[in-house]
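Asks: The sequence and its predicted three-dimensional model are supplied below.
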Amino acid sequence: MVRIGEIAVGEFPVILAPMEDVTDSPFRSICRDYGADVMITEFVASEGLIRDAWKSRMKMQFEPKERPIGIQIFGSNI
């Protein structure tokens with residue numbers, strides 16, 4: 001059994017990679033239905049979060065069935 005922290009993801013986990021303008025919530029739900037074990041959101045810019053941009057907030061929205069999920073934030077402004 002493979003574990004990520006306290007999350008058990010199976011012996012051979014399928015992890016959905018983050019892809020810009022692809023891995024939105026509906027796509028992640030479809031991937032879950034077809035056996036993906038762990039979801040990762042689209043890339044989210046730290047600048048967008050600092051400015052509270054609607055698009056950045058929307059990229060971080062997910063449904064409970066998409067758990068476990070990771071949110072990948074990128075940028076140089078800490």
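Replies: Everything's here; your move. No experiment lies behind these values; they were computed from the predicted model shown.
Asks: Could you use CA atoms for every contact and neighbour count after this?
Replies: Fine.
Asks: and residue 68, how many neighbours?
Replies: Neighbour count of residue 68, defined by other Cα atoms under 10 Å: 14.
Asks: Skip the chain neighbours and tell me the closest residue to it.
Replies: residue 38 (5.4 Å; Cα to Cα, 6 or more residues apart in numbering).
Asks: where exactly do the strands run in this structure?
Replies: 2-4, 7-10, 39-40, 44-45, 69-70, 73-74 (DSSP state E).
Asks: Let me have those in TSV, extended by distance to residue 27 and mean neighbour count.
Replies: Compiled in TSV, the strands of the chain are given as follows (distance: least, Cα to Cα, whole Å; neighbours: other Cα atoms under 10 Å):
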stretch	distance to residue 27	mean neighbour count
strand 2-4	23	11
strand 7-10	20	13
strand 39-40	10	23
strand 44-45	16	20
strand 69-70	13	18
strand 73-74	19	14
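Asks: Just put those in CSV and tack on mean pLDDT and distance to residue 56.
Replies: CSV is the format used below for these (pLDDT from 0 to 100; distance: least, Cα to Cα, whole Å):
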stretch, mean pLDDT, distance to residue 56
strand 2-4, 87, 26
strand 7-10, 86, 26
strand 39-40, 94, 14
strand 44-45, 92, 6
strand 69-70, 94, 15
strand 73-74, 92, 10
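Asks: Relative to residue 23, which of those is closest?
Replies: strand 39-40 (7.6 Å; Cα to Cα).
Asks: for that closest one, packing partners?
Replies: Other elements packing on strand 39-40 under the criterion 3 or more Cα pairs under 8 Å, 6 or more residues apart in numbering; DSSP states H and E are strand 69-70.
Asks: In the sheet, which strands lie alongside the strand it packs on, parallel or antiparallel?
Replies: Within its sheet, and counting by DSSP bridges, strand 69-70 is paired with strand 39-40 (parallel).
Asks: Please list the residues outside the strand it pairs with that contact it.
Replies: 15-18, 23, 28, 32, 66-72 (Cα atoms under 8 Å, 6 or more residues apart in numbering).
Asks: and of those residues, the nearest to residue 48?
Replies: residue 72 (12.9 Å).
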